[in-house]
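Trainee: Got a predicted structure here, sequence first:
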Amino acid sequence: MLAIVNIVKYVLTIVALAFLAFSAQPSEAVEVLHTYDSMKDDTQELASQYPDIAIYSEQGMSTGLDLEIFSVDVALNITELTDEELNALPTMYVDGTHHGNEGMSAEASFLFLQDVLERSAADPSYLEGKRLVVTPSVNPDGYFIDCRNNWNSVDLNRNYPYMWGMYGTSDTRGSCPASGTYRGPSEGSEIETQINMEMMRNMNLYVYFSAHTGSNDIVLPWKITGEFAVPIADWDLYEYFLNESANVSGLTYRDPGGAGESIAWGYGARAALSLIVEVDDMQWSPIVSTTIRGALSNELLMYDLAWENLELVGGHLQIIDETYNSVTVQNIGWGAAYNVTAGGEVIEKVERNQIITISKNSNILNYNRLIHEGEEADLTLISMNLNSIPNPKNGGTPSIGFISASLTLIAIATSRKRNDYNN
Ligand SMILES: [Zn+2]
């Protein structure tokens, strides 16, 4: 059956190319979209060009055709990081083709990966302190045979275990290519869904963009209007981000069409700012009549915006003053910071741009970047080290704690230096 599918796709491509050769303007470059195989090869090849900052890996096999779900992990000096260090970095996750017939969504993921790698190689500060993970195709079987759903006819973007089946899904299987919205026999039933969830569970996820195509707009993690609406607890952050992104992409936002989408889980369970980016209005044609990059230029600006401001997506406190018994911070993030404490009093909410002074009973300042908690405690917890500033009442004599902290710092500096010699 696959041989027939391939022959049909090949013939369709030739016919479409011939049509475009006659109809396209002479100045227009025409590009054919990737296939599953060429996307896999090009992604692997791209990552191999940046061995210090990129690792290509295969996460597991698809349901029917045993095709790999592949991804690329990007961070500075990535081969020297432990899994724990990598998983702790603030992360942006980008995936594509949950719906296998939405090829432009894989193209957007690939082009964004290419951009971040190129820019980071030229200027490491573009990548410093954060991590990007890109999975061009969550649904390799569907991508291979140009079908919306997976091998079991399950709509993977209705299969995630968050509000699963609540609205906008079907309980019956459809057939390719527009195979409907069958939610699967149980929540998270599909291998592809499970693989994607497992990947996200190993990320300190700040932003999750899941690319689709068809409506060329932004989709919220769940409905906020009408029947089945549930308020988004961090709506101030979402709204701020959506306004900023509309300025660069021109895209408006809307409620999702169904429950159990990957972004519902991304925010609901993993507490990341999670959005579907419908990167194009083209869904069915295998060919674009301009360059792919040209067709996706606005969307890529939105991806850049999220990446370049990743640590601001949520509350982000910056220390502006500190004494032995207090610390003054400003929230420079795009959302509020919550439950701010330095060991004593707790300030429940610090708004965007607000400056507060809080008493200090510990040398650690803790706060939550978001108010929504997700499936694990402390998913959004930020801990900052404060200085050990001596109490002036003690005549300026450093306390034992201060001396030992200083000695620790000297020891760290010494060990860093030793490490330098080892490199
Ligand atoms: Zn879609």
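Mentor: In hand now; what should we look at?

Trainee: Show me which residues of the stretch 101-250 of the chain are close to the ion?
Mentor: For the stretch 101-250 of the chain, the residues in contact with the ion (Cβ under 5 Å from the ion) are 102, 212. Heads up, the C-betas are built off the backbone N, CA and C, glycines and all.

Trainee: Show me the helices in the stretch 101-250 of the chain, by range?
Mentor: 103-122, 140-145, 191-201, 235-249 (DSSP state H, counting those that start in this stretch).

Trainee: Buried residues, the first one. List them.
Mentor: Right, the one you point to is helix 103-122. The neighbour-count check on helix 103-122 (16 or more other Cβ atoms under 10 Å) flags 103-117, 119-120 as buried.

Trainee: Now do that helix, average pLDDT.
Mentor: Averaging pLDDT along helix 103-122 yields 97.

Trainee: Mind giving me the packing neighbours of that helix?
Mentor: Contacting helix 103-122 under the criterion 3 or more Cβ pairs under 8 Å, 6 or more residues apart in numbering; DSSP states H and E are the following elements: helix 36-48, strand 68-74, strand 90-95, strand 131-135, strand 204-212, helix 292-295, helix 297-308.

Trainee: rank the ones you listed by mean pLDDT and give me the bottom one.
Mentor: helix 292-295 (a mean of 91).

Trainee: contact partners of it?
Mentor: 31, 33, 104, 107, 111, 280, 282, 288, 300 (Cβ atoms under 8 Å, 6 or more residues apart in numbering).

Trainee: Without its sequence neighbours, what residue ends up closest to the first one?
Mentor: Once flanking residues are discounted, residue 31 sits nearest to residue 292: 5.1 Å by Cβ to Cβ, 6 or more residues apart in numbering.

Trainee: What about the one you found, how many residues nearby?
Mentor: Around residue 292 there are 21 other residues, counting by other Cβ atoms under 10 Å.

Trainee: In CSV, list the contacts of helix 292-295 along with distance to residue 152.
Mentor: Compiled in CSV, those are given as follows (distance: Cβ to Cβ, whole Å):
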residue, distance to residue 152
31, 32
33, 25
104, 24
107, 26
111, 30
280, 27
282, 27
288, 30
300, 33
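
Trainee: still on that earlier bit, need the helices and strands packed on helix 103-122 in JSON lines (columns: distance to residue 319).
Mentor: As requested, those are exported to JSON lines (distance: least, Cβ to Cβ, whole Å):
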{"stretch": "helix 36-48", "distance to residue 319": "37"}
{"stretch": "strand 68-74", "distance to residue 319": "29"}
{"stretch": "strand 90-95", "distance to residue 319": "18"}
{"stretch": "strand 131-135", "distance to residue 319": "24"}
{"stretch": "strand 204-212", "distance to residue 319": "20"}
{"stretch": "helix 292-295", "distance to residue 319": "41"}
{"stretch": "helix 297-308", "distance to residue 319": "23"}
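
Trainee: Can you check which of the ones you listed gets nearest to residue 247?
Mentor: Nearest to residue 247 among the helices and strands packed on helix 103-122 is helix 297-308 (8.5 Å), distances taken as Cβ to Cβ.

Trainee: Could I get the buried residue list for the helix or strand that that closest one is followed by?
Mentor: Per DSSP states H and E, the first helix or strand lying C-terminal to helix 297-308 is strand 317-322. Residues 317, 322 are the ones in strand 317-322 that count as buried (16+ other Cβ under 10 Å).

Trainee: Same check on stretch 366-374?
Mentor: 366, 367, 368, 369, 370, 371, 372, 374.

Trainee: Also stretch 45-53?
Mentor: Those would be 46, 47, 50, 53, for stretch 45-53 by 16+ other Cβ under 10 Å.

Trainee: go on, stretch 155-173?
Mentor: Here stretch 155-173 shows 155-169 as buried, counting by 16+ other Cβ under 10 Å.

Trainee: ends of that stretch, how far apart?
Mentor: Length of stretch 155-173, first residue to last, Cα to Cα, to the nearest Å: 9 Å.

Trainee: rewinding a little: distance to residue 310 added to the helices of the stretch 101-250 of the chain, as JSON lines?
Mentor: Putting the helices of the stretch 101-250 of the chain into JSON lines (distance: least, Cβ to Cβ, whole Å) gives the following:
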{"stretch": "helix 103-122", "distance to residue 310": "11"}
{"stretch": "helix 140-145", "distance to residue 310": "28"}
{"stretch": "helix 191-201", "distance to residue 310": "16"}
{"stretch": "helix 235-249", "distance to residue 310": "11"}
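
Trainee: My reading is that residue 347 lies in a helix. Confirm?
Mentor: No. Residue 347 is assigned strand when assessed by DSSP: H, G, I helix; E, B strand; the rest coil, not a helix.

Trainee: What residues are bridge-paired with it?
Mentor: residue 340 (DSSP bridges).

Trainee: Would you quantify the distance from it to residue 325?
Mentor: Using Cβ to Cβ, to the nearest Å, residue 347 is found at 16 Å from residue 325.

Trainee: Comparing those two, which residue is more hemmed in?
Mentor: Comparing residue 347 with residue 325 by other Cβ under 10 Å, the one with more neighbours is residue 347, at 17 against 14.

Trainee: neighbours of residue 243, just the number please.
Mentor: Neighbour count for residue 243, taken as other Cβ under 10 Å: 11.

Trainee: Give me the pLDDT for it.
Mentor: Per the predicted model, pLDDT is 98 at residue 243.

Trainee: sorry, back to before: how close does the residue nearest to residue 31 get to residue 260?
Mentor: Taking Cβ to Cβ, one finds residue 292 at 30 Å from residue 260.

Trainee: if I read this right, residue 165 contacts residue 260, doesn't it?
Mentor: Yes. With contact defined as Cβ atoms under 8 Å, residue 165 reaches residue 260; the gap is 6.3 Å.

Trainee: Mutual contacts of these two, please.
Mentor: Here residue 165 and residue 260 have 158, 183, 187 as joint contacts, going by Cβ under 8 Å, 6+ apart.

Trainee: so the first one touches residue 261, yeah?
Mentor: Yes. Under the criterion of Cβ under 8 Å, residue 158 makes contact with residue 261 at 6.8 Å.
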